[in-house]
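> fold the following, please.
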Amino acid sequence: MNPNEYAEEIVNEFVREITDNLFLFIEQDEERMRKYMTNANRFELDALNKAIGLKIKEMLDLENTDISRKPKSKLLKTYTQHKIK
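Take a look at the predicted model:
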């Protein structure tokens with residue numbers, strides 16, 4: 001495996017789990033978590049999480065692949081995995 005092949009492999013792995021990683025990003029910062037909880041109380045939690053997931057796909061121009069039922073983030077029960085188009 002050359003450096004370019006490894007780089008492509010690791011980026012694809014990251015993209016596959018990007019939704020879970022974004023929610024971990026929220027959890028790891030007090031201010032982001034406070035804003036998330038404020039919006040979770042203002043809107044239906046599932047609607048908020050779905051909007052965040054759809055925005056990831058839209059803004060990064062990704063395709064859906066599978067559903068993961070084992071997120072690392074405590075804010076999720078499941079999440080959609082992605083791949084680069």
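
> buried stuff in stretch 56-63?
Neighbour-count burial for stretch 56-63, counted by 16 or more other C-beta atoms under 10 Å, picks out 56, 62. Using the backbone N, CA and C atoms, a C-beta is placed for each residue, glycine as well.

> tell me the mean pLDDT over it?
Stretch 56-63 carries an average pLDDT of 97.

> so which residues make contact with that stretch?
The contact list for stretch 56-63 (C-beta atoms under 8 Å, 6 or more residues apart in numbering) reads 15, 18-19, 22, 64, 80, 82-85.

> let's see that with 7 Å instead.
15, 18-19, 22, 64, 82-85 (C-beta atoms under 7 Å, 6 or more residues apart in numbering).

> using PDB, write down the CA coordinates of that stretch.
Taking Å, rounded to 0.1, in the frame of the first residue of the first chain, the C-alpha atoms of stretch 56-63 are listed here in PDB:
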ATOM      1  CA  ILE A  56     -23.900  16.700   6.900                       C
ATOM      2  CA  LYS A  57     -24.900  14.700   3.800                       C
ATOM      3  CA  GLU A  58     -26.000  17.900   2.000                       C
ATOM      4  CA  MET A  59     -23.100  20.200   2.800                       C
ATOM      5  CA  LEU A  60     -20.400  17.600   2.200                       C
ATOM      6  CA  ASP A  61     -22.200  16.100  -0.900                       C
ATOM      7  CA  LEU A  62     -22.100  12.500   0.500                       C
ATOM      8  CA  GLU A  63     -24.100   9.400  -0.300                       C
END
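
> for Leu62, grab phi and psi.
phi -110, psi 160 (degrees, to the nearest 10).
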